[in-house]
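**Student:** only geometry, no sequence info:
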């Protein structure tokens, strides 16, 4: 409070002191504003990149899901054929056992 203009404290500071403080304050505000704008730009840019990655990943997952679904259906058909074959064998064994008894 000692160096503020308008206060009569008996102490006077040269006019250049106030110019330096003013310049330092302006530089500080400029640096903070520039840093804020740089961070904001980076956040927005990364957000767009993340959206692009999300879309690409979603498309890849859909393709993989479709491929997996086809593979499951193919394996299901093959397993059902094996069960039918085993059922036929078991039926034949059961019929042969009835004949023997």
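**Tutor:** Everything's here; your move. Fair warning: this is a prediction, and the values are worked out from it, not measured in the lab. Residues are numbered from 1 along each chain as shown.
**Student:** show me where pLDDT drops low in this structure?
**Tutor:** 1-21 (pLDDT under 70).
**Student:** which residues in it form helices?
**Tutor:** 15-100 (DSSP state H).
**Student:** Report the separation between the most centrally placed residue in it and residue 43.
**Tutor:** In the chain, the residue lying closest to the centroid (Cα atoms, centre = their mean) is residue 50, at 6.0 Å. When distance is defined by Cβ to Cβ, to the nearest Å, residue 50 is 10 Å away from residue 43. Bear in mind the C-beta positions are built from the backbone N, C-alpha and C, glycine included.
**Student:** same deal with residue 84?
**Tutor:** On the measure of Cβ to Cβ, residue 84 and residue 43 end up 60 Å apart.
**Student:** Same question for residue 101.
**Tutor:** Taking Cβ to Cβ, one finds residue 101 at 82 Å from residue 43.
**Student:** Looking at those two, which one has more neighbours?
**Tutor:** Between residue 101 and residue 43, residue 43 has the larger neighbour count (other Cβ atoms under 10 Å), namely 10 against 5.
**Student:** Contacts only, for residue 59.
**Tutor:** Under the criterion of Cβ atoms under 8 Å, 6 or more residues apart in numbering, residue 59 has no neighbours.
**Student:** again, but for residue 24
**Tutor:** Per Cβ under 8 Å, 6+ apart, neighbours of residue 24: none.
**Student:** Make 57 the starting number, not 1.
**Tutor:** Taking 57 as the first residue, the last one we looked at is residue 80.
**Student:** Residue 104: neighbouring residues, count only.
**Tutor:** So residue 104, with other Cβ under 10 Å, has 10 neighbours.
**Student:** and it, how far is that from residue 110?
**Tutor:** Distance from residue 104 to residue 110, by Cβ to Cβ: 11 Å.
**Student:** Next: residue 98.
**Tutor:** Distance from residue 98 to residue 110, by Cβ to Cβ: 18 Å.
**Student:** before we move on, what about residue 81?
**Tutor:** 43 Å.
**Student:** now residue 137
**Tutor:** In terms of Cβ to Cβ, residue 137 sits 41 Å off from residue 110.
**Student:** What of residue 148?
**Tutor:** For residue 148, the distance to residue 110 - Cβ to Cβ - is 57 Å.
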